[in-house]
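Novice: Quick check, what structure comes out for this input:
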Amino acid sequence: MRIHPTAIVASTAIVPESCTIGPYSTVGPNVVLGEDCELVSHVVLDGHLTVGARNRFFPFACVGVAPQDLKYRGEPTGATLGDDNTVRESVTISRGTAGGGGTTRVGSHCLIMAYTHIGHDSVIGDHCILANAATLAGHVIVEDYASVGALNQVHQFCRIGKYAYTGGGTTVTQDVLPYSLTSAKREAHAYGLNKIGLERRGFDQKRLRAIQHAYRLLLAAKMNTTQAIEKLKDEGIETDDVAYLVQFIESSERGVLK
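Specialist: Got it, this is the predicted structure:
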């Protein structure tokens, strides 16, 4: 096991021999690491934290630390990360709270850029990108393949749908539509389909046309959201993508950004 002499690893932490623990890093007593993880230097892993394989943590990342919640009283809550994530400099990922489910979750194959904050009880899917200084309050859900832009502020209990892309500096106070390109000048708006992103992810023209039609009804037609959904249902929902989009809107508790 490659542990730098200046690192502090609790005797009860589970650290496979394939891991590398860099200078001045600390690993708490309830941390479980998967194979081939690397802590570059000055990394803090704490709480009931379970980390999958091949995760890389850059300097001053703090993962599994106590939540920034005045209701937290030291309960044994935790955080989990999947496989193959990159956690860049000065990222903070808080563990969960008893009232919010107890666990903050990050999926696999995510890029979490410098100074990002993932608040307590948040859930991040797979293949997500959180750009520099993205700030997620507690209880935020970011679904698979979503990209959260630099300097974004995401209100607690908001959801960001699959394959969505939010522009830099956007303040998110309601749910972000799946597949959308959402950004802010004065206030956040959905500007249409994240077509380039979807093409890069292998969406064929049939899938794109179906989603694009749904977006025309939602964003461009002279109908409110309820009327647009009724129109889509009357026409017959042809693809799983549109069915998921409709379900996302109907299950929204905060409303969606249009």
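Novice: What strand or helix carries residue 243?
Specialist: helix 240-250 (DSSP states H and E).
Novice: Need phi/psi at residue 219.
Specialist: With angles defined as degrees, to the nearest 10, residue 219 shows backbone torsions of phi -110, psi -30.
Novice: How about the one 5 residues further on?
Specialist: For residue 224, the backbone dihedrals are phi -80, psi 180 (criterion: degrees, to the nearest 10).
Novice: mind listing what's buried in stretch 147-157?
Specialist: When burial is assessed from 16 or more other C-beta atoms under 10 Å, stretch 147-157 yields the following buried residues: 147, 148, 149, 150, 152, 153, 154, 156, 157. Glycine gets a C-beta too; all of them are placed from N, C-alpha and C.
Novice: So residue 208: helix, strand or coil?
Specialist: Classification of residue 208 using DSSP: H, G, I helix; E, B strand; the rest coil returns helix.
Novice: ok, back up a step: determine which two of the buried residues of stretch 147-157 are furthest apart.
Specialist: 150 and 157 (22.3 Å; C-beta to C-beta).
Novice: where in the protein is pLDDT low?
Specialist: Per-residue confidence for the chain (pLDDT under 70) gives these ranges: 185-187.
Novice: residue ranges of the helices in it, please?
Specialist: All helices of the chain, identified by DSSP state H, fall at 195-200, 205-215, 225-235, 240-250.
Novice: Give me the distance from the shortest one to the chain's centre.
Specialist: Between the mean C-alpha location of helix 195-200 and the chain-wide mean there is a distance of 19 Å, by C-alpha atoms, centre = their mean, to the nearest Å.
Novice: and if you look at the third one?
Specialist: Shown here is helix 225-235, whose average C-alpha point lies 29 Å from the average C-alpha point of the whole chain (C-alpha atoms, centre = their mean).
Novice: in it, what's buried?
Specialist: The neighbour-count check on helix 225-235 (16+ other C-beta under 10 Å) flags 225, 228, 229, 232 as buried.
Novice: is it possible to export those to a markdown table including distance to residue 188?
Specialist: Converted to a markdown table, those look like this (distance: C-beta to C-beta, whole Å):
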| residue | distance to residue 188 |
| --- | --- |
| 225 | 16 |
| 228 | 19 |
| 229 | 21 |
| 232 | 23 |
